[in-house]
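In: structural data only, the sequence is not supplied:
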């Protein structure tokens, strides 16, 4: 699947991620691993987490791109 996104400085994105196995509790059972991975991604590609809800089988997030970073 190919998504179209506008890569604009300061843009805000809402997204949902679902586990393939919706009966799994992986996201809350491995929450420390999820935090570590997001911390590493933010180190390499800065963004702000405006809101984030982690549930056992899916998560919702609102992330904002930095104002002063060249994108594209």
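Out: Thanks, I have the structure now. Predicted model only: the values in this text are computed from it and were never measured. Numbering: from 1, shown residues only.

In: name the residues that touch stretch 44-61?
Out: 12, 14-19, 21-29, 31, 34, 38, 42, 62-66, 69 (C-beta atoms under 8 Å, 6 or more residues apart in numbering). From N, CA and C alone the C-beta is placed, and that goes for glycine too.

In: list the buried residues for that stretch?
Out: 47, 57, 59, 61 (16 or more other C-beta atoms under 10 Å).

In: the third one bridge partners, please.
Out: Spelled out, it's residue 59. residue 17, residue 54 (DSSP bridges).

In: ok, now how distant is it from residue 51?
Out: If you measure residue 59 against residue 51 using C-beta to C-beta, to the nearest Å, the figure is 11 Å.

In: same deal with residue 17?
Out: Distance, residue 17 to residue 51, using C-beta to C-beta: 14 Å.

In: got it, and residue 38?
Out: 13 Å.

In: how about residue 21?
Out: With C-beta to C-beta as the criterion, residue 21 and residue 51 are 25 Å apart.
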